[in-house]
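J.: task: produce atomic coordinates for the following.
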Amino acid sequence: MVSDLNASQHFYQNVLGFEIVKQMEESGQYIDNMLALSNVRVTTVKMASPDGQLIELLYYSSHPKKRKSREVCDVGISHIALTVDDLNSCYDRLRSQGVEFNCPPQVSPDGYAKVAFCRAPEGTFIELVELVG
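T.: Predicted structure coming up:
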């Protein structure tokens, strides 16, 4: 769920390299029933990563909500993880574009992965993982 569709689309498309696969406006009885809401108007943007993984951005123009601050330890889905080939260069590129990270890339204690967490514009944590071990 996003509160600023343009900013989120820009982030996932121009910063992370996802492509828009399908974008549509949804409303009517079908979507109202599916979501158990009334008079829904939602923009759905399906996006694919270069390796074919899909994410979906949803912007509810009929039911706007304020962004809530979330912590990575909150109950529920707290983040998405994306595998990258070179985390150090990805980290440098994203930081140069103004993306904020919790800390620089860290190697896991078992040496299996290098990991860094950043946030998308809507506040979702993005875990970037490079498998190294």
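
J.: which residue ranges make up each domain of the chain?
T.: The chain is divided into the following domains under automatic domain parsing: 5-60, 79-131.

J.: of those domains, which is nearest residue 68?
T.: Across these, residue 68 has its closest neighbour in domain 79-131 (7.6 Å, C-beta to C-beta). C-beta: built from backbone N, CA, C; applies to glycine.

J.: so for the closest one, what's the average pLDDT?
T.: When pLDDT is averaged over domain 79-131, the result is 95.

J.: ok, the residue lying farthest from the centre of the chain - contacts?
T.: The outermost residue of the chain relative to its centre, with distances by C-alpha atoms, centre = their mean, is residue 29 at 28.2 Å. Residue 29 sits next to no residue when contact means C-beta atoms under 8 Å, 6 or more residues apart in numbering.

J.: centre of the chain versus the longest helix anywhere in the chain, how much separation?
T.: Secondary structure assigned by DSSP state H gives helix 87-96 as the longest helix of the chain. On the basis of C-alpha atoms, centre = their mean, to the nearest Å, helix 87-96 sits 17 Å off its chain's mean C-alpha point.

J.: following that helix, which helix or strand shows up next?
T.: Where DSSP states H and E defines the elements, the next helix or strand beyond helix 87-96 is strand 106-107.

J.: hmm, who's touching the longest helix of the chain?
T.: Contacts to helix 87-96, defined as C-beta under 8 Å, 6+ apart, come from residues 15, 84, 101, 104, 105, 114, 115, 116, 118, 128, 129, 130.

J.: are any of those buried, and which?
T.: Buried subset of the contacts of helix 87-96 (neighbour count, 16 or more other C-beta atoms under 10 Å): 15, 84, 105, 114, 115, 116, 118, 128, 129, 130.

J.: for this structure, just list every one of the helices.
T.: Assigned by DSSP H, the helices in the chain fall at 5-10, 29-35, 87-96.

J.: follow-up on the earlier one: out of the buried ones among the contacts of helix 87-96, what pair is the most spread apart?
T.: Of all pairs drawn from the buried ones among the contacts of helix 87-96, the one with the largest separation by C-beta to C-beta is 15 and 114; the distance is 19.4 Å.
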